[in-house]
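Enquirer: Return a 3D structure for these sequence lines:
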Amino acid sequence: MTAQFTDINAREFKLNGVRHLKTYVSIYYNNGIRVVGAYDSKLELLPSVNVSEVSVNGTIYTSVVDLSNALTPLLFSKNVSEIKVPTYQTKALLISEFAAPQENDSAIVINDPNNSLDGDYGYTGGAWVKGNETLAQANENRIGVNEGNITAAQNTANQGVADAATADAKAVAAQNTANDAKSRLNHTETQPASTISDFLAAVQAAETTTSLSLNANILKFTDENGLVTNLDLSLYLDDSNLARILSGIIDPVTNIATFTRDDNSTFTVDFTALNDKQGIIEAKELAQEGIDNAAIAQAMAIIF
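Expert: Prediction:
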């Protein structure tokens, strides 16, 4: 097994027995994964390895996405920003300036002339061990550094973290997007619905069924849960309470008609304008006079 990750607490984890602060993110591709610094991607804690070579808290994942999701909370925590981690420009300065290191102490090297020495270190077995190197390699590197003629530099931990803040935010955001199965960025292909197993059955099962029925003046609505609601439409449809006209009589003298309803109430209508006897007589007289004049004119025409 190439890499064994173990969660320790809210701020630390172990990689192959070496403690590290939760300041890393995982990057996956195809069936491989690598682990780099969240604040500086040049700080590589774990080079690219196959998913089968990595375990998280004793579990080996077959899916690179599942592995990355399991690693995300183990590798990174915002709470770690509250810890002041000693940072050194070179590994030589780490060895020479870190006073009386204790087992499981942590430190970071960020700008060693030998780029392979940059990274996160833990003090274990009497040596500063880089995240992805063995204890024997750490002893060799320590001897080589001590024998070299490397110029010392000031500790720039705080400045290094400040300069990396933007890179941190971008790296975390990119990682979150890459791990989000619901992100539209991770779904760019199309597939006909007919090729998806049980697609039609799933859609039909999700459909809701409702119904409407009318009985007399009652409208019955049944919702998707089978609950029934009755709406009484009598107020809008039932006219059984309306009074009806039972009879009517007209006075031939006044031409006023009186109507009686089934509730014994009455009302009147004046039909005088429709029953003008004098007008009718005058109209008949005019019509007759017209007929007479026409007959006279016809006779005169025959005579002459």
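
Enquirer: which residues in the stretch 1-150 of the chain form strands?
Expert: Using DSSP state E, counting those that start in this stretch, the strands of the stretch 1-150 of the chain run over 3-7, 12-15, 18-21, 24-29, 32-37, 44-50, 54-56, 59-60, 87-88, 106-109, 119-124, 127-130.

Enquirer: Can you lay out these as a markdown table showing mean neighbour count, mean pLDDT and distance to residue 236?
Expert: Every C-beta, even on glycine, is put in place using the N, C-alpha and C of the backbone. Converted to a markdown table, the strands of the stretch 1-150 of the chain look like this (neighbours: other CB atoms under 10 Å; pLDDT from 0 to 100; distance: least, CB to CB, whole Å):
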| stretch | mean neighbour count | mean pLDDT | distance to residue 236 |
| --- | --- | --- | --- |
| strand 3-7 | 18 | 94 | 69 |
| strand 12-15 | 20 | 90 | 72 |
| strand 18-21 | 22 | 86 | 74 |
| strand 24-29 | 21 | 89 | 66 |
| strand 32-37 | 21 | 91 | 69 |
| strand 44-50 | 17 | 91 | 74 |
| strand 54-56 | 21 | 95 | 68 |
| strand 59-60 | 12 | 94 | 67 |
| strand 87-88 | 23 | 88 | 81 |
| strand 106-109 | 22 | 86 | 80 |
| strand 119-124 | 23 | 85 | 78 |
| strand 127-130 | 22 | 88 | 84 |
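
Enquirer: So which of these is nearest residue 222?
Expert: Of all the strands of the stretch 1-150 of the chain, it is strand 59-60 that lies closest to residue 222, at 50.0 Å by CB to CB.

Enquirer: Quick check: neighbours of that closest one in the sheet, parallel or antiparallel?
Expert: strand 54-56 (antiparallel) (DSSP bridges).

Enquirer: contacts for the strand it pairs with?
Expert: 1-5, 7, 33, 46, 60-61, 67, 70-71, 74 (CB atoms under 8 Å, 6 or more residues apart in numbering).
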